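Peer 1: Whatever this is, show me its structure:
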Amino acid sequence: MRSYGMSVPPRRLVIGFGSLVLILMVGGAVSFVRYARTHAPNPALVAVAPFDIFVAEGTGAAGLNRWRVGLATALTDRLNSAPLAAVPQTVVAATWSSAPTPEISAVELARQTGAGLAVYGRVDSLPGRTDSVRVSLLAIDATTTRVLFGVLVRWPAADPDGLAAYLAEHVRHNHPLKPAT
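Peer 2: I've put the predicted structure just below:
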């Protein structure tokens, strides 16, 4: 006997279900593309991580610890003008979590703050020298995690402000975004 109730032939059911799945997949793809565009890292925004300080035993350079945040703050202040903008150090302090590989922590900081460029640096005391330090800085693309450029310089220990100005100029000069001329 044939039932005249609400039964739907299996072929129509499969076609209807397949169409629904296809519509949901297309909708999800469109939604993801819109989300990715609005939440993509800002290439003009720079996140400066606190500098790591390494003091060699017997160098008497314990005063370098003040450079950890001070140098990052001074560098942030100098980078915060067109065409670049910098994540405020108050946001960095609230977001920063150091890991065994600080370069990865810097990239994660940039991603969490929407910055397209992560800047990580370190200051090393020099054995037998209290008048100068070795400074290294890496600029890392937060999207690709590719190192864009680096700096390695020996600098007078008594001139942290001059160092911040030098590093800011180096970042500006080598950043992929150039000011309009």
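Peer 1: List the contacts of stretch 102-116.
Peer 2: For stretch 102-116, the surrounding residues in contact (C-beta atoms under 8 Å, 6 or more residues apart in numbering) are 39, 41-47, 49, 52, 87, 91-92, 95-99, 117-120, 122, 138, 140-143, 145. C-beta here means a position set from N, CA and C on the backbone, and glycine is covered the same way.
Peer 1: Of these, grab the buried ones for PyMOL.
Peer 2: The buried subset of the contacts of stretch 102-116, as determined by 16 or more other C-beta atoms under 10 Å, is captured in PyMOL by this line:
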select buried, resi 41+42+43+44+45+46+47+49+52+87+91+92+95+96+117+118+119+120+122+138+140+141+142
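Peer 1: Which of the contacts of stretch 102-116 fall in strands?
Peer 2: Among the contacts of stretch 102-116, the ones falling in strands (DSSP state E) are 42-47, 52, 117-120, 122, 138, 140-141.
Peer 1: Okay, now the unreliable bits of this protein?
Peer 2: Under the criterion pLDDT under 70, the flagged ranges of the chain are 1-9, 29-39, 56-66, 178-181.
Peer 1: could you pull out the strands for it?
Peer 2: Remark: strands assigned in the chain by DSSP E are 42-48, 52-54, 85-86, 115-126, 129-141, 147-156.
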